Structures are given as C-alpha cells and as structure tokens.
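A.B. asks: Next input, structure requested:
(one chain, ligands or ions: 2)
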Amino acid sequence: MKVKTAEFVISNTRVDMCPKPLLPEYAFIGRSNVGKSSLINSLCNNKKLAKTSSTPGKTQLINHFIINDEWYLVDLPGYGFTKTPVAMKEKWMNFTRNYLRHRENLMCVFVLLDSRHNILKADDEFMEWLGENGIPFVMVFTKMDKLDPRDVEGNIKAYQEKMSEKWSFLPQHFLTSSEKKTGNEELLAFIEETSKGFTPVKE
Ligand code: GTP
Ligand code: MG
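C.D. replies: Ligands and ions are numbered 1, 2, ... in the order given. This is a model prediction of the structure:
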C-alpha cells in the first residue's frame, strides 16, 4: 500500500467524540519517547503530521489521522515516563484505556518498544492488560538505527523468551526505524491485509 494522503482529523479524550467508526483503525501506543509520533510521520512521509519532541510527554490526547480516505491512524499519549506528574499520567491512561476498550473499529494496536532495551515493566504490564481485555496487538521495535545490527537478533530473542514465560502465542513483531524508514512497507502491508477483515459498522 502507498500512502497517498494523510490528514489530521480531530484530537480529544473521549471515545464518543472520535470520528464515526466506519473505517478500520490502528492505534500506536508505547512508553513516552519511544517514537510513536515519529513512526506515524515516517509512514505518512510527512514530518509535521504528528507532533514529536525529544522531551517525553509530547502527545497528550487521542489524535486521529485519516489515511487515503480509507483508514484511521491514531497517535496516543505515552505511558511510563517517570517525570510526568502522577495525576496527569493517570488521566491519560484512563481515557486511553477507555478508548482502547470501547473503540469498535479498532483492528489492531501497535505496541512500540525501544529496540535498545530489554522488556520493561511498564510494557510488560500494558501488553498483559491488552491480553486480558482481548485487544489484538502486535509489537513494533523502534529506533533500529540506534542499535548495532549485530545486537538486533539477540535483543529480539531476549524479548521473545521473556514473553514466552507468560504468553502461549507470541504476537507478531516488526523492526522499524523512523530515521531510515525501515519497516514501513511491512507495517503498511500488514494494515492492508488486516483491513480486509473489517466489517463496516451499521449506522
Ligand atoms: P510521546 O508523545 O512523548 O509519548 O513520545 P513519542 O513516543 O511520540 O516519541 P516521538 O516520536 O516524539 O520521538 C521521541 C524522540 O525520539 C524524538 O527526539 C525523535 O526524533 C526520536 N526518534 C523517534 N524515532 C526515532 C528513530 O527511529 N530513530 C532515531 N534515531 N530517533 C528517533
Ligand atoms: Mg508522541
């Protein structure tokens, strides 16, 4: 799939204020600063579409973008960053979880994980929560350009071994770099394929 058009639609905190659920939707989540907004921009070939920052906590709302007038891409606030005040983190997490649990056209959640780190508690707990709530997700390793290629395989293997302790089926994973545009084709192909299973919700 080629991204021909990508436009911002709306930002909000309420699932009932999101666009009508008439098109397939994919949401990006992960720890603050993991590269969610950057990956959205890389996929859409537009550095200014989603707001990015080297300071964690940039994305604070549920942001809808419409791609090719065919599907929605959603940028969500990050979790787990220690410097964000607790009350703020809780507020973001509450509306984000509410959105994830109730958004009827949500086809798959992309959980972004920094490819340089081992599995972190916040990611582990979040994926467990997705599993408990029956929300489909895949793992997307980010910032591959910052990792020595020789370490890639070992890091992914360590992740999978740790995940296998809890999960009987491991979620599909993707290797990406927004800097180098690695993995974009694979992610877009996955979205195209997954969208074939979308059943339009009757108005
Ligand atoms: P919040 O909105 O704060 O939760 O963060 P986010 O996950 O949206 O991260 P964002 O895309 O704003 O990126 C955070 C920082 O990481 C920025 O300084 C980006 O330039 C950098 N970054 C993101 N992706 C990559 C990547 O693939 N490679 C490199 N080298 N840097 C990246
Ligand atoms: Mg962001």
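A.B. asks: What number of neighbouring residues does residue 94 come out with?
C.D. replies: 11 (other C-beta atoms under 10 Å). The way it works is simple: take the backbone N, C-alpha and C, and place the C-beta from them, glycine included.
A.B. asks: host element of it?
C.D. replies: Assigned by DSSP states H and E, residue 94 belongs to helix 86-102.
A.B. asks: Can you give the distance from that helix to the centre of its chain?
C.D. replies: Between the centre of helix 86-102 and the centre of its chain there are 15 Å (C-alpha atoms, centre = their mean, to the nearest Å).
A.B. asks: Could you pull out the buried residues of that helix?
C.D. replies: Residues 89, 92, 95, 96, 97, 99, 100 are the ones in helix 86-102 that count as buried (16 or more other C-beta atoms under 10 Å).
A.B. asks: same question, stretch 17-24
C.D. replies: 18, 21, 23, 24.
A.B. asks: Go through those and name the one nearest residue 108.
C.D. replies: residue 24 (8.9 Å; C-beta to C-beta).
A.B. asks: Do a quick rundown of the strands in this structure.
C.D. replies: Secondary structure of the chain by DSSP state E: the strands cover 6-12, 25-30, 62-67, 71-75, 106-114, 137-142, 173-175.
A.B. asks: Neighbours of residue 198, how many?
C.D. replies: Count around residue 198 with other C-beta under 10 Å applied: 15.
A.B. asks: No further questions, thank you.
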